[in-house]
Every structure is written in structure tokens, then in C-alpha cells.
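Student: here is my input, please return the structure:
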Amino acid sequence: MSMTCSSSVFYDEEYFDFLAENGDIDSNDEQEFDVACSFPLSYWITAVYLKKREQSRIPYAAVPFSSVPKCYGLMDMEALTEMGIETVQNSSLELTGSGVLIGIIDTGIDYQNPAFVYEDGSSKIVSLWDQTDQSGKPPEGLPYGSEYTKTQIEQALKSEEPLSIVPSTDENGHGTFLAGAAAGRRNEEEQISGAAPDADLVVVKLKEAKKNLRDYYFLPENVPVYSEVDVLAAFTYLAVRAGELKRPIVMMLGLGSSQGGHTGNGFLSEHINRIAIRSGYVVVLCAGNEGNTDHHYHGKFSGSQDEVELRVGRMQKGFSMELWGKAPYRFRIRLESPTGQTTEWLDAGIRGRREFTFLLERSQIYVDYQVVDPYSGDQGILFRFDSPAEGIWKILVSELQQGEKEFDLWLPINDFVGDDTYFLRPDPYVTLTSPGDAGNAITVSAYRQSDGAVDPESSRGYTRNQLIKPDLAAPGVSVKGVLLRGRVGRKSGTSISAALVAGMAADFLQWAVVERNDPGISTIGVKNYFIRGTKRDDNRSYPNREWGYGKADLFQVFLEIR
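Tutor: Below you'll find the model as predicted:
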């Protein structure tokens, strides 16, 4: 189904965003809600907006949690030499990303920064979709936000009041830094350059998630949160623009989420998997920064049950948590509060929801469950803790069948939950954030270029279904780059590593597609070229959970090709 959408549905808190396959929202009681509008994000995913009727439940409480959008947070030159990029640029190949697009999905871009302006005054940005801006014309087929063309941006650059023509800014600076790392012009004075300084940019500034979605997951108010719906729309926009311009493109996302089954099968991961097999398209993702947060628990038991201990901090107003169990086992759960109050065993049916009240703690726990997830086929349970009491909560997980049973629990990413809320017996592995688990994409972890050691914050693989991720590693600690208002500074995180690899991929696409050496190549082909050219330590076995297949090195890639 497809319906005309008023722009208000994308910003008004009365409307609730959902994702549906083929446009169908499976609600327990569809009579409670009005379908305000819908529009396609791809040939198989539809964004649906529901409005609750008076006295009815909020829509999130009546729809399977697989249809509720996940929430994504930010994953916060010496590096070019380290990655062999500068060597290639200075060789006879002279690969600088010329003729290639780099798509950045993030907090926007400071388009007036000299890093994004060529020496003749023209802009590196061929188009900019600002999802937060309601003053201009939206992109065709995506009925919200404002799209600005290269012509408009260049008019703004010549104006004494640029924002009167293109009123788009990057208030955070994260997107600007990533765009600079991937494709910023060379600054000889500061000795910085993007990995692909001659690549052009297509930029999406994401709007932040509505309060109703934040409230559903009990997310804090003071951190950037982005809805899966808007991220999906951003990837669709980049794909359409690349097709219209008939140019190869590298799509880069610097966000991540710990929600979902960690098998690369959700809406966004599957959408990326399908884009990544197209000729001339490369998708680069960050692994995440969850390696040392103590937010993952891996359960493995042969008996009848396992006991998980979760420390909840004093100021924790609420949070969500997900349990995923491997098929064919059917896990049941029981909760115990810090004062010893317990629930009965919850034997999950096919799908449902339960609420538990702990009177002594004045805490409420909402549990949504589905025995067969429509994408991974595994069992998923979503816990939402409302006003949880400080102390040690216990989650008893039981399965009475014979054999060794395995399950995993994840808390939200570090920015979405307090530092003093964590598992007492955590597992640092399988901490890759989504959509970094998308099998066809290039997923990048981070290391310190100063001493070559892996960044302890960098998320580690593999995926829950043992897919090898990350694919490779790149510098991601104290990387020098462009900040807002023309300043220069340093940032760390796997999103920085991914931006550098995105620029490296643009350089490679210049050779492969623009110069017609391998014109039909897709993400999978580029990934395999990059894997063959990785630098490896003789004392490590590869692939592994921290480094994937090794350190990214563009020069070594071409040594392998010759």
C-alpha cells in the first residue's frame, strides 16, 4: 500500500513510525489505530505511520516488536600513510576518488568548510537531503525534509548570508568530521586530507527520533537518537541519487545499535545486503564501540537453567534489553528484583506481551516475546525496565530439553544507558552493533595507529550466527580531521575508521569503475580485494574477532593485483 503523506506525520508526536514488509502491519487490534499514511522505502520495505485513537493504547504496545524501529546512536594525516593510501595517491596510479560519489549518512555537514570546496570555488557536495528542514522541497519519492542541489549550495557559498539559501547546518560536528576523513580536500598547513580528496559527496542529515519512540525504549533526552525508518530512507536516497548521476558510490554510516538479533537479518541490515550486491555500489559500516562496555552476556548451559546478574545503577530511570536464543530451543524466563521479589516463569507462546510490577521497588517490567523471529527464525525477548530499582537484578533463563543451550543478552549502546548499569559476568565478543552485522557490507573495527594495538572500545565479532565480522581494521584513535567553524581537532571511534575505509573504497572505485579495470564490481568484490591486501601480524591467526582479516592497506591491495 502507498498513501499520500502530510509532512506533519514525520514530525508530530501524535504519529508513530513503523516498518512493515510489503506494507502490512500485523496489529493485535487494528481497530484501535488510524493508518495516517505509508510510503515505500524499497520494493519490500514500507514505512507506516499510525495515529492512536482516543483512549486506546499507544500503537507500539499492540504491534510486534520486530516492526518497531530500532534506535541508532553515533559511534564516535597519519592515518592515510598507515593505510597505504598516500603511497597510492603519490604513485603512477594517482587514485584520489575522482569521478566517485561518497554518501554520508549522519548529523549533516558544514558545507561552508573549506574542506568541502574545490579550489575553483565549486562545492564537493552534489546534493544534500536535510531530513530536519521543512522549509524546502523534499526529494522525489521521499515526502519529508528538504533537498538542496549543488547549484543551490554554490549559490549559498557566494552569498553574504549562505543560510538564507541553504539553511542546513551540522550542530553536532560528527557528520562533518566523517565527511572530512573520507573526502576532505588536502590542507597542507594542517597536514590533513581526506582519503579520497577528489570524490564528490552526497549527504543526508538525519532527523532525530521522535519522543514517542525514545520514551518507548526509555532512552535519555540528552543524546542523539535516530530512527531506523529515517536511516533506511537515507540509504534509499543515496541509491537513487547515484543511479540518476550514473556514478559509482560508496555509502557510509557512522551509527550503530545493539538492538536486534545480531545476525544481519533485520530490516536495515537486509536492505543494506541488497544494495551492496549492485554494481558500482559499496557500503562501509562501523563495527561499533561496545567492546568494553559490559553490555553483552553470553549464556551457555547443559542443565536446566542459567542465572544472569544485571547491575542497575542508582540514577537509571529506565532501559531496554533483548534476549535472543538459538533455535530450536524455547527459553523461558523468570525475573528477581534486588529485594528478592520474583515473577512466575514466563513460558513464551508464539508471540505476546506481559507486564510485571515489583511493589517494593516501585518498578515495572514489560516483556515482549516471539518464539520465531520473522527474519532470523530464532526466539527474541524484549525487556523494558521502567523505574528499575538500584541493585542486582537476576534473570533466570531455563530450557528443559537435553543438550547444550545458548542464548545472548544485550543492553543498549553505551550512550543509551548509564555507565553503572551492566552485566556482572559480561562477554566482550559478539558486541558488533547493527547494521555492522550485514554480511555483504564492509565492516570496520578500530586500532591505534600510534602502536598498532586494537582499540579496547572497538566492538568485536563474530555475529551471533558466526558470520565473520568485522572484515578488517583501520586507524580509529585520535585521528586528526576537520571540526565545525573551520577548526581542526582529533576524534576516535570505529565511525572514523569506517570513514577512512570509505575514502579508500572511493579511490579503488576510481580504478575499478571510472577507469574501467573492473566495471561490474560491487561491495562483495571490493571487500575481497581489500581482504587480500590486508596487513597481518605473524603472531596472530586470521580471521579473528578483533581484526577480521587484518589492517586495511590500499597499497598492498595493488601489490596483490599486479
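Student: how far out from the middle of the chain is the helix or strand harbouring Ala473?
Tutor: Using DSSP states H and E, Ala473 falls within strand 472-475. How far strand 472-475 lies from its chain's middle: 17 Å, per CA atoms, centre = their mean, to the nearest Å.
Student: sketch out the low-pLDDT regions of the stretch 1-150 of the chain for me.
Tutor: Applying pLDDT under 70 to the stretch 1-150 of the chain flags residues 1-3, 23-32, 54-57, 76-78.
Student: can you map out the helices along the stretch 351-500 of the chain?
Tutor: Secondary structure of the stretch 351-500 of the chain (DSSP state H, counting those that start in this stretch): helices at 494-509.
Student: and the strands in it?
Tutor: Ranges of strands within the stretch 351-500 of the chain are 351-358, 363-370, 379-386, 391-398, 405-410, 422-423, 442-447, 472-475, 479-482, 488-491, based on DSSP state E, counting those that start in this stretch.
Student: now those as CSV including mean pLDDT, distance to Gly173 and mean neighbour count?
Tutor: No exception for glycine: its C-beta is placed from N, CA and C like everyone else's. Listed next are these as CSV, based on pLDDT from 0 to 100; distance: least, CB to CB, whole Å; neighbours: other CB atoms under 10 Å:
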stretch, mean pLDDT, distance to Gly173, mean neighbour count
strand 351-358, 88, 40, 15
strand 363-370, 92, 36, 20
strand 379-386, 95, 32, 22
strand 391-398, 96, 37, 18
strand 405-410, 95, 28, 22
strand 422-423, 98, 29, 20
strand 442-447, 97, 19, 30
strand 472-475, 96, 19, 28
strand 479-482, 92, 9, 24
strand 488-491, 91, 9, 15
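Student: Leu509: which of the ones you listed is closest?
Tutor: Comparing these against Leu509 with CB to CB, the closest turns out to be strand 442-447 (12.3 Å).
Student: the closest one packs against which elements?
Tutor: strand 281-286, strand 472-475, helix 494-509, helix 523-532 (3 or more CB pairs under 8 Å, 6 or more residues apart in numbering; DSSP states H and E).
Student: can you list the buried residues in the helix or strand following the last one?
Tutor: Read in the C-terminal direction, the helix or strand following helix 523-532 is helix 554-561, with elements assigned using DSSP H and E. Neighbour counts using 16 or more other CB atoms under 10 Å place Leu554, Phe555, Gln556, Val557, Phe558 of helix 554-561 among the buried residues.
Student: can you put the residues you listed in TSV and add distance to Pro412 and pLDDT?
Tutor: TSV is the format used below for those (distance: CB to CB, whole Å; pLDDT from 0 to 100):
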residue	distance to Pro412	pLDDT
Leu554	35	97
Phe555	39	95
Gln556	37	96
Val557	36	96
Phe558	41	95
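Student: quick one: Asp538 from Gly84, how far?
Tutor: 18 Å (CB to CB, to the nearest Å).
Student: and the two? Which one has more around it.
Tutor: For the pair Asp538 and Gly84, the greater number of neighbours falls to Gly84 (21 against 4), based on other CB atoms under 10 Å.
Student: which one is that one nearest to, not counting chain neighbours?
Tutor: Phe555 (3.1 Å; CB to CB, 6 or more residues apart in numbering).
Student: surely the one you found meets Asn90?
Tutor: No. Counting by CB atoms under 8 Å, Asn90 is not a contact partner of Phe555; they are 10.0 Å apart.
Student: just to revisit the earlier point, show me what contacts the residue nearest to Gly84?
Tutor: By CB atoms under 8 Å, 6 or more residues apart in numbering, the contact list for Phe555 reads Gly84, Ile85, Thr87, Val88, Ser91, Gly533.
Student: identify the farthest-apart pair in those residues.
Tutor: Ser91 and Gly533 (14.3 Å).
Student: quick one, which of these two is more surrounded?
Tutor: Applying other CB under 10 Å to Ser91 and Gly533 shows that Gly533 carries more neighbours, namely 23 against 11.
Student: that one and Phe558 touch, don't they?
Tutor: Yes. Gly533 is within contact range of Phe558, at 7.5 Å (criterion: CB under 8 Å).
Student: what's the separation between Gly280 and Pro40?
Tutor: To Pro40, Gly280 is 23 Å away according to CB to CB.
Student: compare those two (neighbour count), which wins?
Tutor: Gly280 (22 against 16).
Student: quick check, that one in contact with Val250.
Tutor: No. Counting by CB under 8 Å, Gly280 does not reach Val250; the two are 9.9 Å apart.
Student: hang on, the earlier thing: format the buried residues of helix 554-561 as TSV; extra columns: distance to Pro197.
Tutor: Shown next, in TSV, are the buried residues of helix 554-561 (distance: CB to CB, whole Å):
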residue	distance to Pro197
Leu554	14
Phe555	17
Gln556	21
Val557	19
Phe558	18
